[in-house]
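Undergrad: From the sequence below, what's the structure:
(chains A and B)
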Amino acid sequence: MVSQGAQSTKGGGERTEAGVSGGRRRQAAIPYVFLAPFLILFVTFLILPLAYALVISVYADKLVGGNVFVGFENYKQALGDPGFWDGVRRMIYFGIFQVPVMLGLALVFALLLDSGAAWFTTLFRLGFFIPYAVPSVVAALIWGYLYGPTFGPFSQLADYLGLPTPAFLSDTWMLPSIANVVTWEFTGYNMIIMYAALQAVPREVRDAGAVDGAKPWQIALYIRIPLIFPAILLTAVFSIIGTFQLFNEPSVLQALAPGVITDHYTPNLYAYGLAFTNQEYNYSAAVSFALGAVVVVFSYVFMLVTNRREVRA
Amino acid sequence: MNLRRLAGSRWLSGRLAAVTAILLLVVLATGCGSSNKGPATILFWSWVPGIKDEVKLFNDTHKDVTVKYVNAGQGADEYTKLRTALKANKGVPDVVQIEFQFIPSFTQIDALADISKYGANDVKQDYVGWTWDQVSEGDKVYAIPQDSGPMALLYRKDIFDKYGLKVPKTWDEFASEAAKLHKAAPDTYMTDFAASDGGWITGLMWQAGSRPFEVNGTKVSINMDDPGAMKVANYWQGLIDDGTVSTDPDFTNDWYAGLGKGKYATWITAGWGPVFLKGVAAKSSGKWRAAPLPQWKAGENVSANWGGSTSAVTAASENPEAATEFAIWLNHNQKSVNMLTTKSNLFPTQKSRLNSPDFKNAPLAFAGGQKVNQVFIQASDHVDKGFEWSPFQDYVYAQLAEKVGAAAKGDTTFPEAMHKVQSSVTGYAKDQGFKVH
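TA: Residues are numbered from 1 along each chain as shown, chains lettered A, B, ... in the order given. Sure thing, here's the model as predicted:
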């Protein structure tokens, strides 16, 4: 693809004898010119900060005594830190329930929209997608208001009907409440990915199934879903990564239930608090890298397991 | 190939030389600029609403100093930016708003200038004694007091009248009135115990005589569970066990609605409280009254402080003298102080302003026309002296929020929570290299 683009440039450019070697060199440079806008931003805002974080993670800067090199001390501490693992465990628990529910809903909506069974397809597609366009901080604020224990609309309604007040922000229900916000936000996004994949499934395959007497649900289960399986896998991997990085929603809801959402409720919240409340930037960097490792391990294991299954199928 | 590389490197070194020359010029130019005797430019960070008017007044009346104002966020947001600027040693403001309780956190990292050498002590006697204590260490001065939050009790007169409650003079009376109210109206609470608000709880501990920190350079003594703190913990544990007070987090929409609709009969608050409440619970206008804080011993008159800010000069400032001039002017010039207290509704720390008739005798319609400032001025006169903050107050507040918050949920008890805060804060201080005794 790149060489094709380069050739056409050459065709349109100088063709003098002297310009040949210069042109070739220019040819070799062209991909990098096109890559440059991305690469510059990528290096400046991702690679360099990562490298910086990696460097500070092997130091310890104390209020008294200053900056000293400590090697892997911070990582050792992170691996034995109950606060960190408490957050990781909570996110695993969160992901096991929230990701399948969200992706299941997204799949059902995508299948419905694609099958043309629903009326007002465009309206629904837009409606499901709109929550994704709402910034997650705003979404958390809205839901935080709805969850209000005394004067929130749900509580008011329950009060009016004489039902017990729902305790959305209690120890027991906080995680499902956050899962609800996240599902609300991201179902539409995942639905669009699956819907786009469904649109690419050839009509004939479906028609062949119908001719063979398959019912719509059989066509969905045995033809359409297997054909978009790679897209579903993609959304699953994204969701796993997103789950471990949960931050905005608990951070906003923390003000409403400070006793429930502790400083290590999610690993990201923990890293943030370590850096900006405790002034332990070095340890925070180490915890962030440890979290990155956990994400890589889980994503890799997930892909390994699903790939094996795919091969067997 | 070799030749070309050589040529290339020569080209490069030419470029480098040019770039270096330009950089040098720039450095020289800016170097000259700062040693120049032109008007000094002061960068000022503050989140006080409307303070740009005071800055404008200063700029209009001072030809030798120009102040550039930036709102860098409120509280923790500003401190995070300040710490980043300090670390980068770039963009550090000359004058910065810092709350009383965070001054030691910044003097610990040598971020603030001792402005006693620029005449700060000349205005010492013009400020309420305990506020000056909070910004100074012996003769050293690290900031000029701006506003404070002496504590008192706001109560709902309508609720008190309806259930025949009397305004409590002691905490014992507060508890017995709470029980009476709870019996008559189980859905109304005597007050809300905002367990995870570290600043507020510290205010209660302060009044009860707790002195959690004593700092001496890199030596600190930590007593988060001293007798004063335990007195507060045990007292509120009792009220919460009886169900006469609620434990909702403060400064949330639900809490504002609760104050407006009469879920809480009182709010234990500070000098800035009445006007703040007017903004968030306008519906309840006219129903509130102010009274002194209930006392631990009948007949005593002890208050504490919750909130309030200062104007500090940073050690990184290149114009500390001009910066000090502005910090003093802002909080000392009569016009400026009047604007701060009337327009921005700050509770003053300057004695002359506190005693001026138009401040003292201003009736507040929100409190049924009561001259509430008089109650808070009296409180300001009786704020217990000698309260010290830790050099890592963010961490202390975070620990209070988490551990005392857990007690509010019933996971542990308040006295137990204070012991836990004590041990985690001690551990943190040791980790940070302090000598703890």
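Undergrad: Domains in chain A, by residue range?
TA: Domain assignment of chain A by automatic domain parsing yields the ranges A:2-56, A:73-312.
Undergrad: where are the low-confidence patches of the stretch 1-150 of chain B?
TA: B:1-38 (pLDDT under 70).
Undergrad: can you give me the strands for it?
TA: B:40-45, B:65-70, B:95-99, B:136-137, B:140-141, B:143-156 (DSSP state E, counting those that start in this stretch).
Undergrad: Relative to the whole chain's centre, how far out is the third one?
TA: If I follow you right, that is strand B:95-99. Distance, stretch centre to chain centre, for strand B:95-99: 10 Å (Cα atoms, centre = their mean, to the nearest Å).
Undergrad: quick one: contacts of stretch A:108-122?
TA: A:124-125, A:128, A:187, A:191-192, A:194-195, A:198-199, A:216, A:220, A:224-225 (Cβ atoms under 8 Å, 6 or more residues apart in numbering or on different chains). Any C-beta I mention is one placed from the backbone N, CA and C, and that applies to glycine too.
Undergrad: Residue of the stretch 1-150 of chain A closest to chain B, please.
TA: residue A:64 (3.4 Å; Cβ to the nearest Cβ).
Undergrad: same question, the stretch 101-250 of chain A
TA: Closest to chain B within the stretch 101-250 of chain A is residue A:151: 3.9 Å, counting by Cβ to the nearest Cβ.
Undergrad: Could you measure from that residue over to residue A:145?
TA: 9 Å (Cβ to Cβ, to the nearest Å).
Undergrad: do residue B:304 as well
TA: Counting by Cβ to Cβ - residue B:304 and residue A:145 are separated by 33 Å.
Undergrad: These two: which is more packed in?
TA: Neighbour count, other Cβ atoms under 10 Å in any protein chain shown: between residue B:304 and residue A:145, residue B:304 has more, with 24 against 15.
Undergrad: Surely the more buried one is in contact with residue B:382?
TA: No. Using Cβ atoms under 8 Å, residue B:304 is not in contact with residue B:382; the gap is 9.2 Å.
Undergrad: any shared contact partners between the two?
TA: residue B:150.
Undergrad: In the stretch 51-200 of chain A, mark out all the strands, start to finish.
TA: Going by DSSP E, counting those that start in this stretch, the stretch 51-200 of chain A shows strands at A:59-62, A:66-69.
Undergrad: Please name the strands paired to the first one in the sheet, noting orientation.
TA: According to DSSP bridges, strand A:59-62 has the following sheet partners: strand A:66-69 (antiparallel).
Undergrad: in the partner strand, what's buried?
TA: Under the neighbour-count criterion of 16 or more other Cβ atoms under 10 Å in any protein chain shown, strand A:66-69 has nothing buried.
Undergrad: Pull the distance from that strand to the chain's centre.
TA: 35 Å.
Undergrad: closest to residue A:93 out of the strands of the stretch 51-200 of chain A?
TA: strand A:59-62 (32.1 Å; Cβ to Cβ).
Undergrad: Alpha carbons of that closest one, as CSV, please.
TA: Provided in CSV are the C-alpha atoms of strand A:59-62 (Å, rounded to 0.1, in the frame of the first residue of the first chain):
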residue,chain,number,x,y,z
TYR,A,59,13.0,6.1,43.0
ALA,A,60,11.5,7.2,46.3
ASP,A,61,11.0,10.9,47.0
LYS,A,62,10.3,11.5,50.6
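Undergrad: List of residues touching it?
TA: A:67-70, A:73-74, A:281-283, B:431-433.
Undergrad: on that earlier part again, to what extent is the residue of the stretch 101-250 of chain A closest to chain B buried, counted in neighbours?
TA: Neighbours around residue A:151, by other Cβ under 10 Å: 19.
Undergrad: Surely it is in contact with residue B:253?
TA: Yes. Judged on Cβ under 8 Å, residue A:151 makes contact with residue B:253 at a distance of 7.2 Å.
Undergrad: Can you add mean pLDDT and give the strands of the stretch 51-200 of chain A back as CSV?
TA: Shown next, in CSV, are the strands of the stretch 51-200 of chain A (pLDDT from 0 to 100):
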stretch, mean pLDDT
strand A:59-62, 90
strand A:66-69, 88
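Undergrad: For residue B:234, find the nearest of those strands.
TA: Using Cβ to Cβ, the nearest of the strands of the stretch 51-200 of chain A to residue B:234 is strand A:59-62, at 35.5 Å.
Undergrad: The closest one: which residues count as buried?
TA: In strand A:59-62, counting by 16+ other Cβ under 10 Å, buried: A:59-61.
Undergrad: Name the residues of the longest helix anywhere in chain A that are buried.
TA: Secondary structure assigned by DSSP state H gives helix A:82-115 as the longest helix of chain A. For helix A:82-115, the neighbour count (16+ other Cβ under 10 Å) marks A:83-88, A:90-91, A:94-95, A:98-99, A:102-103, A:105-107, A:109-114 as buried.
Undergrad: Secondary structure class of residue B:201, three-state.
TA: Three-state assignment for residue B:201 (DSSP: H, G, I helix; E, B strand; the rest coil): helix.
Undergrad: sorry, back to before: shared neighbours of residue A:151 and residue A:145, anything?
TA: Contacts common to residue A:151 and residue A:145, judged by Cβ under 8 Å, 6+ apart, are residue B:253.
Undergrad: what ranges of the stretch 301-437 of chain B fall below the confidence cut-off?
TA: Applying pLDDT under 70 to the stretch 301-437 of chain B flags no residue at all.
Undergrad: For it, which residues are neighbours of chain A?
TA: B:391-392, B:394-395, B:398, B:401-402, B:405-406, B:408-409, B:411, B:428, B:431-434 (Cβ under 8 Å from any Cβ of the partner chain).
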